[in-house]
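Visitor: Output the structure for:
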Amino acid sequence: MKLYGTPGSLYTAKVRSYFLKQGIAFEARAFGEPRFVKMIVPRLGRAIIPVVELPDGQLLQDGSDIIEWFEAHAAPRWPARVDTPRQRLVGHIFELFGGEGLLRPAMHYRWNFDAANRAFLCHDFAAALVPGAPADVGEARFEAAERHMRRAMAGFGVGPQSIPQIEASYWEFLNLFEAHLAHAPYLLGGRPTLGDYGLIAPLHAHLGRDPFPSSLMKQQAPKVWRWVERMQSPALDAGDYGSPGPELFPDDGVPETLQALMRFIARDYLPEVEAFVSYSNAWLAARPELAEGVNGLERPGDRVIGRARFAWRGVEIEVAVMPYRLYLLQKVQDAARVDSGGDLAALLQATELSKILTLTTTRRVERREFLEVWGPAPPETRP
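Guide: Numbers count the residues shown, from 1 in each chain. Prediction:
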């Protein structure tokens, strides 16, 4: 089995960590190798990672979908899925927040500290994008990728006016996660679950691996850095906690330190969720004849339908609106529908996250043929 990605890719980090923890054998392959470019990308319809190629040639794409597939087909050693309603919901919330809500600090700390990071990034990107190429070719390819990523950074709301808030937000998150990890090696107790794999994406690939932010993490939050290291081990690797077993917190528990992290998500990320749901509904309302099974964009492989502005930590920022984020948000809401009892409502109220279940778009986002597309229109809006 092959895993196509890059060592510094946020979304590849999520899948790699899952495979390592489950003892799933894989061969890491570079995003830029000719076979991927010539044979895999045409099947996907766009150049995107991570991609898993199974031994029978079947392709899986997207970290969340890849984990779902292996949970259903591979009898995982330590399941990422949780059967109890509160902890299951928490896992999906942190999957959404980890992959999407930490993009601002991930991009800021990667691309705004060139003195510490740039030489490392140049080597890292060149090795993945043009493996085996001469140094000058690798540098030219990195420079092109760098320009693209710096433009993308602005689409995540990173700019001169927001940098102080981004850094304050990240330090607050690190301190809260550090406090939680004082009591347990993983988010929900003795083994990694879906939320851990969501968080490891930015906390390893960007914030725990690039030179400048990794040094900050080690100094400011050594338990978080140790968790990043632990998430790369095939074992539970929790000797510093007295080697507990893989059990989760008893009685579907969500301790106060974890609830504090959820309140942080409510304050820090829920405004963005509201903004991109509102923008998406307005975008859909302007396109009542949009067919089912398409994304409505001129190039089907594109991911951004527009940009939304909103107030965040006292400044106004603008972010790219990607239907993929709605896809992960729907997973949170679907998890709540499995068991929507009073315990879930009480937990969300206590953590100021009740609104996360009501922020819905008029049409669902589906993934078909490796693309995010719009599902059927509600009956009353169909032409």
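
Visitor: Contacts for the helix or strand of the chain with the lowest mean pLDDT next, please.
Guide: Here the helix or strand of the chain ranked lowest by mean pLDDT, DSSP states H and E is helix 342-350, holding a mean of 92. Defining contact as C-beta atoms under 8 Å, 6 or more residues apart in numbering, one finds that helix 342-350 is touched by Pro85, Arg86, Leu89, Asp252, Val254, Gln259, Ala336, Ser354, Ile356, Leu357. Every C-beta, even on glycine, is put in place using the N, C-alpha and C of the backbone.

Visitor: cool, and stretch 176-183?
Guide: 187, 199, 220-224, 226-227, 255, 257-258, 260-261, 264.

Visitor: before we move on, the earlier item: which of the contacts of helix 342-350 has the most neighbours?
Guide: Of all these, Leu89 has the most neighbours under the rule other C-beta atoms under 10 Å, reaching 29 neighbours.

Visitor: Tell me if I'm right that it and Arg337 touch.
Guide: No - between Leu89 and Arg337 there is no contact under C-beta atoms under 8 Å: 10.2 Å.

Visitor: Counting neighbours, what do you get for the residue nearest to Ala80 when sequence neighbours are not counted?
Guide: Counting by C-beta to C-beta, 6 or more residues apart in numbering, the nearest residue to Ala80 once its immediate chain neighbours are dropped is Leu194, at 4.5 Å. Each residue near Leu194 was counted by other C-beta under 10 Å, and the total is 30.

Visitor: Does Leu194 touch Val82 like I think?
Guide: Yes - when contacts are counted by C-beta under 8 Å, Leu194 is listed as touching Val82 (7.2 Å).

Visitor: so what sits against both of those two?
Guide: The contact sets of Leu194 and Val82 overlap at Gly91 (C-beta under 8 Å, 6+ apart).

Visitor: what comes up buried for stretch 312-330?
Guide: Within stretch 312-330, the residues that count as buried by 16 or more other C-beta atoms under 10 Å are 312, 317-330.

Visitor: Closest one of those residues to Pro244?
Guide: Pro244 lies nearest to Leu328 out of these, by C-beta to C-beta, at 29.7 Å.

Visitor: Can you give me the pLDDT of the closest one?
Guide: As predicted, Leu328 sits at a pLDDT of 98.

Visitor: Next, Leu236: secondary structure please.
Guide: When classified by DSSP: H, G, I helix; E, B strand; the rest coil, Leu236 comes out as coil.

Visitor: Contact partners for it?
Guide: Per C-beta under 8 Å, 6+ apart, neighbours of Leu236: Trp78, Pro185, Gly190, Arg191, Arg230, Ser243, Pro244, Pro246.

Visitor: Can you tell me which of these end up in helices?
Guide: Among those, the subset assigned to helices under DSSP state H consists of Arg230.

Visitor: I figured Pro376 hits Thr362, correct?
Guide: No - taking contacts as C-beta under 8 Å, Pro376 lies outside contact range of Thr362: 10.8 Å.

Visitor: which residues of the stretch 1-150 of the chain fall in strands?
Guide: With DSSP state E, counting those that start in this stretch as the criterion, the stretch 1-150 of the chain has strands at 2-5, 27-30, 51-53, 59-61.

Visitor: Show me where the stretch 251-383 of the chain has its helices.
Guide: Taking DSSP state H, counting those that start in this stretch as the criterion, the stretch 251-383 of the chain contains helices spanning 256-268, 270-285, 323-338, 342-350.

Visitor: nearest to Phe142, of these?
Guide: helix 323-338 (25.7 Å).

Visitor: now what about that closest one, what contacts it?
Guide: Counting by C-beta under 8 Å, 6+ apart, 62, 64, 85, 88-89, 91-93, 95-96, 99-100, 273, 276-277, 280, 295, 303, 305, 344, 356-357, 359-361, 364-367, 372-374 sit against helix 323-338.

Visitor: got the angle between that helix and helix 270-285?
Guide: 110 degrees (axes from the mean of the first three to the mean of the last three C-alpha atoms, to 10 degrees).

Visitor: Would you list the buried entries among the contacts of Leu236?
Guide: Pro185, Gly190, Arg191, Arg230.
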